[in-house]
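Peer 1: sequence plus the predicted model coming up.
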Amino acid sequence: MKYLLIIFSVILIALLSFSPPVIAQTIPPFINSEKKLINSQELESFLDKYVPENMQEYNVPGLVFVLVQDGKILSQKAYGYANLEKKIPVTPDKTLFRVASISKLFTATSVMQLVEQGKINLHQDVNKYLKNFQLDTNYPEPVTVANLLTHTGGLDVNYIGMSARNARNLEALGAHLAKKKPQRIFPPGKVTVYSNYGMALAGYLVEAISGVPFAEYIDKNIFQPLDIYHSSFQQPLPKDLQPDLAVGYKYDNNKYQPIAYSYEHQAPAIALNATARDIAHFMIAHLQQGRYGDRQILQPQTVAEMQKQHFTSDSRLSGITYGFREQFRNNLRIIRHSGLIEGFVSQLVLVPQENLGIFVACNSNSSLDSDLIKEFFNKYYPIPDKPSVKHTFKESNKSIRRFQGSYVDTITSQTTLSKIFYPYYTNIEVKNNSILVYEYQNYVQVKPLLFQSVEGDKYIAFKENKQGKIIYLFDGIFTLKKNPWYEDISFHKWLIILFIFIFSSTCLLPLFKKIALFSLQLVIECCNDDVKKLNLGLNSDTKLAAYRNTDTNDSAIVNYCYLSKLYPASSHRASITFRRNQILCPANLFKSLLHFLLKLIFTVSSENSKLNILHKIQFLNTQLIKAKIRNKYTYHIRYLAVLISIFNLIFIFVGLFFLSLRDLDFFNLIYGINVFYNTLLYIPLLTSGMTFILMIYTWILCNKKRVFYIQKIYYSLITISNIIFMIFINYWNLLGFKF
């Protein structure tokens, strides 16, 4: 009997072990009994009041909202129009919104599926999976798949050319990633650099390892199990979905302007078009430990691993999971992601401990989506008796000022032309020797290198080097690098003004010099004419004394005076020529004025004064001859410097003009550099070559003895200024075609 019981137990265990997956249907939904239940009717009343009021204020034509809890859709609401021209209203189950970076959550989920299957190792070098191209290996540590999912690969950012205006110009994912391969600017795992390229590369790994196109893989392995049938990564959209795609708008000049649809080369990072209902199914799966109904897209342990923090810049701050951003709001840990593309914004928020998920999308660029989320948490998860933030840690006035200065976000490109078109700079100021002002909020120090906002719901942290100097600011998952003084954006603005002054003066100074020499020559000619005609009224004794008692130059003057008396015909001819051409040009008018003044001076002057005038005339004549001789040595370098300055001024003014128009069409350069910008970039290449020639001419000039020292210094300064300008434009990646 005992043996029969043992045999029966073994058989029973075996049967249970080989039971089909249908047993999973009996597993109840994951429910947290301690959570706060949301009343759907009360929620809809709140939405019906808040949303319509603010849509007009925020200039939002259409909005959709969906909330899930305990494995089901609790509320879904739609407001406004998906298409204003056709008066098509927004609907939660039919209207497709461009959810942009929320696409990354689907990509991360697909990667984790392959991790479960043992086809991807999160900590393996990405290059091991790449066959057609390889990431750079300028750091000893490799970029891993985990680095891609946490945006810690240290890859530089480039927004230029990441989209196409039509499907014909759409590039294959692998070909695009190979062509746009970024440089590695940080060691992996050290600093967050939010990267569309990195997540697109993760999607390419899914495509390469699975052997099917990325959009097809997502459709089969995520969409179908989750009953997602009205959303797609495909480009262009399937024909049956195209009529339901919402139109994106921007509000300008008191009217809504539709935005043209863009096709995304980096599809896994940004290309998803989805309905609110379909996104709700995705949120349910992540809140229900990877399960939707009776289907499992991820195992519970994989979901837990995916939603766990895997990187933080500071242990006291929130961080990033495999795909999600971590955040603490109203004492709740949430994981979320936002979406932004021209004409659309969206927010996806999961609260695992409340088994709750929220999705909001709008078809215009506004902050209504994030503000609605904030109002929701303040209403349903308020913080009672919010304590005021106190200075629990104080530094000296001198010490706290080390935090102030200019900071640049790591999402600002370092090696491409995106650096100048999409710069993300911010300044931190110190107020009352105790408060930091950052992003229009006041922060007080609560711990070493840790600051809390006065409102009490946000923290920022700093990192210092071994010398105690601040090098980084950490704001959630974003990292900002503190700029040294020579990289401060304000310093660079003053540099531009200085360059404009230098190049303008370089162009104008030769003109002023030529006018001055021409005027001097006119003065000497007029003086010579009047000496010939008037003979200066010198008597014979004075001329003889001048001849005997003066040097060679004075003797020459006296001899000249005698010659003018001996040959009056030359003076007469000059007078006739002058009268013939007088008042025909400004030069002759100037001569007439000089003649009048000289006659007046000679009439009232004494004999000695007249002799002094003769000395000065001869001195001016000598200087004019010397200047003409020296001008021959500086002729080539002078006009080369002028030519370089003209080109540099054209580049600066045209570039500044078009940069001033950037905000009018911020997203335009995502389609690439047009012919005009491309042509403009040839100017720095041309002037850099000319600057090299200028350096050679300057070196030759400085070795000539007959050149004034002031001229040597002047052209040396011009050459140095042009070299600094080349360094300046290279800093902004304008030297060459870096896009």
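Peer 2: That came through, no problem.
Peer 1: for the helix or strand encompassing residue 328, name the packing helices and strands.
Peer 2: Assigned by DSSP states H and E, residue 328 belongs to strand 325-329. Under the contact criterion of 3 or more C-beta pairs under 8 Å, 6 or more residues apart in numbering; DSSP states H and E, strand 325-329 touches strand 332-341. Bear in mind the C-beta positions are built from the backbone N, C-alpha and C, glycine included.
Peer 1: which residues of the stretch 251-400 of the chain fall in helices?
Peer 2: Using DSSP state H, counting those that start in this stretch, the helices of the stretch 251-400 of the chain run over 267-270, 276-287, 300-307, 368-380, 397-400.
Peer 1: let me see the domain layout of the chain.
Peer 2: Residue ranges for the domains of the chain, per automatic domain parsing: 41-380, 397-483, 508-626, 634-731.
Peer 1: out of these, flag the one nearest residue 737.
Peer 2: Closest approach to residue 737 among the domains of the chain (C-beta to C-beta): domain 634-731, 5.9 Å.
Peer 1: and that closest one, how far out from the chain middle?
Peer 2: 23 Å (C-alpha atoms, centre = their mean, to the nearest Å).
Peer 1: distance between the ends of it?
Peer 2: End-to-end distance for domain 634-731: 32 Å, by C-alpha to C-alpha, to the nearest Å.
Peer 1: what's the answer for stretch 336-352, then?
Peer 2: Start-to-end span of stretch 336-352 (C-alpha to C-alpha) is 11 Å.
Peer 1: from the chain's centre, how far out does that stretch sit?
Peer 2: 22 Å.
Peer 1: low-confidence ranges, this structure, go.
Peer 2: By pLDDT under 70, the low-scoring segments of the chain are 1-35, 385-398, 433, 513-514, 516-611, 613-633, 659-667.
Peer 1: now do the helix or strand containing residue 700: which elements does it pack against?
Peer 2: According to DSSP H and E, residue 700 maps onto helix 682-702. Judged by 3+ C-beta pairs under 8 Å, 6+ apart, helix 682-702 is in contact with helix 607-660, helix 709-731.
Peer 1: check what contacts it and list those residues.
Peer 2: 633-634, 636-637, 640-641, 643-644, 647-648, 650-651, 707, 711-712, 715-716, 718-719, 722-723, 726, 729, 734-736 (C-beta atoms under 8 Å, 6 or more residues apart in numbering).
Peer 1: just the buried residues of these.
Peer 2: When the contacts of helix 682-702 are checked for burial by 16 or more other C-beta atoms under 10 Å, the buried set is 633-634, 637, 640-641, 643-644, 647-648, 651, 707, 711-712, 715, 718-719, 722, 726, 729, 734-735.
Peer 1: most neighbours per residue, which of the domains of the chain?
Peer 2: Of all the domains of the chain, domain 41-380 has the most neighbours on average by mean count of other C-beta atoms under 10 Å, namely a mean of 20.
Peer 1: for stretch 732-739, list the C-alpha coordinates in PDB.
Peer 2: Only the C-alpha atoms of stretch 732-739 are listed here, as PDB (Å, rounded to 0.1, in the frame of the first residue of the first chain):
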ATOM      1  CA  TRP A 732      30.700  74.200 -33.000                       C
ATOM      2  CA  ASN A 733      31.400  71.500 -35.700                       C
ATOM      3  CA  LEU A 734      31.100  74.000 -38.500                       C
ATOM      4  CA  LEU A 735      34.400  73.200 -40.100                       C
ATOM      5  CA  GLY A 736      33.600  70.500 -42.500                       C
ATOM      6  CA  PHE A 737      30.500  68.500 -43.100                       C
ATOM      7  CA  LYS A 738      29.800  66.900 -39.700                       C
ATOM      8  CA  PHE A 739      26.300  65.700 -40.000                       C
END
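Peer 1: and that stretch, how far out from the chain's middle?
Peer 2: Remark: stretch 732-739 is offset 13 Å from the chain centroid, using C-alpha atoms, centre = their mean.
Peer 1: from the contact counts, what lies against the longest strand anywhere in the chain?
Peer 2: As assigned by DSSP state E, the longest strand anywhere in the chain is strand 72-83. Secondary-structure packing of strand 72-83 (3+ C-beta pairs under 8 Å, 6+ apart): helix 40-58, strand 62-69, strand 88-89, helix 276-287.
Peer 1: report the inter-axis angle for it versus helix 276-287.
Peer 2: With axes from the mean of the first three to the mean of the last three C-alpha atoms, to 10 degrees applied, the angle from strand 72-83 to helix 276-287 works out at 150 degrees.
Peer 1: quick one: strands adjacent to strand 72-83?
Peer 2: When pairing is defined by DSSP bridges, strand 72-83 lines up against strand 62-69 (antiparallel), strand 88-89 (antiparallel).
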